[in-house]
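Undergrad: sequence unknown, structure follows:
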């Protein structure tokens, strides 16, 4: 019975991982490898031609640069905004605190996809289309981050903060030298999550960029022009280049990824 | 202790960025969407005249919208059970110890590392009817992009591929929280695999399962990017979904009023699901 389970699980998991495997393998195919009969799973003679062409015949590096800039900038701003809000909601008492907190967190109920049209007209009237600010604008508010950080910060006794303030420590110093370091695990998890969300975003960057030079890699990848001509090699090469670093990171960090999900849910 | 005015303003200043973003990119567009759906709107996005529910009447009489609504609901109906069975199956099958089990687990969540547009492009090429690997491997001639049923099936496969990583991780984490002593005792007492699942694992992972189920329904109702990359709504609008049509009306036809009316329908649908989720979460039963 155990062996059967293991066998079924393995076959199943190979099917799931097949598209990734095939994409990497096909990035080394020659043009005729795609049409050879019987179908090929591995290249006949591995070639780097596709990688060369993926770079030479497209603006892949420009797209990648745009994505890295927007994802880094977006993550940094998003974390600062979230931490400040969560900090304030956990340690300050002020009029309307609970109402304002609910107001911010309730934006979770408004799916961003349904807000696309109206948000686009906002960005257009602010003349922010084709800018980095326009691309990251709608991702800067992360109600789930604010909620989770506040949950975490609340476990820290407010006496620490009071003692620190009496000693003449500023809010900024308290945050940077005490609160953030002791919340390191949560902050890093959320930052990684933010980065991958913004980096992988597709529809919004598609809408707010018209100039080719401003496209993010997720958008650019679908418009390289190779796959339309059934010229799959360079397309697979571009995809492989993009996903390999992330795949390596996921494989290397598979333990922390698995446990972070379970602790996140245990703490819910 | 009397507070200085500066420290009274301070908390408001600190939450101002978040608050401003909530107003500018959530509440204001939400209200604008509702308003636009009740007006005629110019190509530049200016509201012209109030028309009441006329846009909605036109919308519900519109064949394209009827197709979108029915496709979205059908997609949800096919996708949600398929995805739950696949993800729960993966979690149960790999809930073992040892190196092979770890390898299985890593393979199951690895699709998460591949972004949406990369994975959709991979599937698009793999499922190409003439030179794609899928038809070649199975020696079939399925017209994945020209046959209505095949295109819908492809969209379901795409949806599962996008969700399996995270959903697997969530369900697997829930399964691992089932105390292994209980599992051992049950096995010693002679419970078979099905009984262990039915009476021990199922009740304990129920909260996570409900969460996954509800987010699946919500995501299914909002599906648009895979449609945009894979099928562009075709063939014959058979995979045109609500958010995809909203995108078409708003950005391709410049019909903001119609687009806003569709967006409002989407709000209503997702609100219903989210309220149901909140309700179920509140009633959630804890076993520990």
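TA: Ah, there it is. No experiment lies behind these values; they were computed from the predicted model shown.
Undergrad: I'd assumed residue A:139 was in contact with residue A:197.
TA: Yes: between residue A:197 and residue A:139 there is a contact at 7.0 Å, judged by C-beta atoms under 8 Å. Heads up, the C-betas are built off the backbone N, CA and C, glycines and all.
Undergrad: The two - which one has more neighbours?
TA: The residue with more neighbours, out of residue A:197 and residue A:139, is residue A:139; 22 against 16, by other C-beta atoms under 10 Å in any protein chain shown.
Undergrad: from the stretch 51-200 of chain A, which residue is nearest to chain B?
TA: Residue nearest to chain B within the stretch 51-200 of chain A: residue A:118 (3.2 Å; C-beta to the nearest C-beta).
Undergrad: Okay, and the nearest residue to that residue once chain neighbours are set aside sits in which element?
TA: Nearest non-adjacent residue to residue A:118, counting by C-beta to C-beta, 6 or more residues apart in numbering or on different chains: residue B:29, 3.2 Å away. Per DSSP states H and E: residue B:29 is located in helix B:28-36.
Undergrad: residue closest to the middle of the chain?
TA: You didn't pick a chain, so chain A it is. Closest residue to the average C-alpha location of chain A: residue A:196 at 1.3 Å, with C-alpha atoms, centre = their mean.
Undergrad: um, chain B though
TA: Short answer for chain B (C-alpha atoms, centre = their mean): residue B:219, at 1.6 Å.
Undergrad: Can you mark which positions in the helix or strand containing it are buried?
TA: Residue B:219 is part of helix B:202-221 when elements are defined by DSSP H and E. Buried residues in helix B:202-221, counting neighbours by 16 or more other C-beta atoms under 10 Å in any protein chain shown, are found at B:204-205, B:207-221.
Undergrad: Can you give the distance of whichever helix or strand comes after it from its chain's centre?
TA: Remark: after helix B:202-221, the chain's next helix or strand is helix B:225-226, criterion DSSP H and E. Between the centre of helix B:225-226 and the centre of its chain there are 11 Å (C-alpha atoms, centre = their mean, to the nearest Å).
Undergrad: Can you name every helix or strand that helix B:225-226 contacts?
TA: helix B:116-126, helix B:148-176 (3 or more C-beta pairs under 8 Å, 6 or more residues apart in numbering or on different chains; DSSP states H and E).
Undergrad: Would you tell me whether the following helix or strand past that helix gets close to chain A?
TA: Next along the chain after helix B:225-226, taking DSSP H and E as the criterion, comes helix B:242-247. Yes: counting by C-beta under 8 Å from any C-beta of the partner chain, chain A has neighbours in helix B:242-247: B:243, B:246, B:247.
Undergrad: Please compute how far whatever helix or strand comes next after helix B:242-247 lies from its chain's middle.
TA: Using DSSP H and E, the next helix or strand after helix B:242-247 towards the C-terminus is helix B:256-282. Chain-centre distance of helix B:256-282: 13 Å, with C-alpha atoms, centre = their mean.
Undergrad: looking only at pLDDT, what's the mean for helix B:256-282?
TA: Confidence over helix B:256-282 (mean pLDDT, whole number) is 87.
Undergrad: Give me the pLDDT value at the residue in the stretch 151-288 of chain B positioned nearest to chain A.
TA: Per C-beta to the nearest C-beta, residue B:173 is where the stretch 151-288 of chain B lies closest to chain A, at 3.4 Å. Note on residue B:173: pLDDT of 87.
Undergrad: Just give me the neighbour total for it.
TA: The burial count for residue B:173: 21, using other C-beta under 10 Å.
Undergrad: same deal with residue B:245?
TA: 29.
Undergrad: so the residue lying closest to it once chain neighbours are set aside is in which element?
TA: Sequence neighbours aside, residue B:68 is the residue nearest to residue B:245 in space, at 4.3 Å (criterion: C-beta to C-beta, 6+ apart). Using DSSP H and E, residue B:68 falls within helix B:63-93.
Undergrad: following that helix, which helix or strand shows up next?
TA: helix B:99-109.
Undergrad: Pull out the buried positions in that following helix.
TA: B:101, B:103, B:104, B:105, B:106, B:107, B:108, B:109.
Undergrad: Looking at those, spot the one nearest residue A:54.
TA: residue B:107 (26.2 Å; C-beta to C-beta).
Undergrad: and residue B:48, what are its phi and psi?
TA: Main-chain dihedrals, residue B:48, degrees, to the nearest 10: phi -100, psi -70.
Undergrad: Which of the helices or strands spans the nearest residue to it once chain neighbours are set aside?
TA: In space, and not counting its chain neighbours, residue B:48 is closest to residue B:40: 4.5 Å by C-beta to C-beta, 6+ apart. Using DSSP H and E, residue B:40 sits in strand B:39-41.
Undergrad: Listing partners with orientation, what would you give for that strand?
TA: Sheet pairing of strand B:39-41 (DSSP bridges) gives strand B:47-50 (antiparallel).
Undergrad: Domain parsing of chain A, as residue ranges.
TA: A:1-58+A:224-250, A:59-223 (automatic domain parsing).
Undergrad: Output those as JSON lines; include the columns mean pLDDT.
TA: Below are these laid out as JSON lines (pLDDT from 0 to 100):
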{"stretch": "domain A:1-58+A:224-250", "mean pLDDT": "89"}
{"stretch": "domain A:59-223", "mean pLDDT": "91"}
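Undergrad: Of these, which stretch is the most buried?
TA: domain A:59-223 (a mean of 18; mean count of other C-beta atoms under 10 Å in any protein chain shown).
Undergrad: Stretch A:114-121: how far from the chain's middle?
TA: That offset, for stretch A:114-121, works out to 21 Å (C-alpha atoms, centre = their mean).
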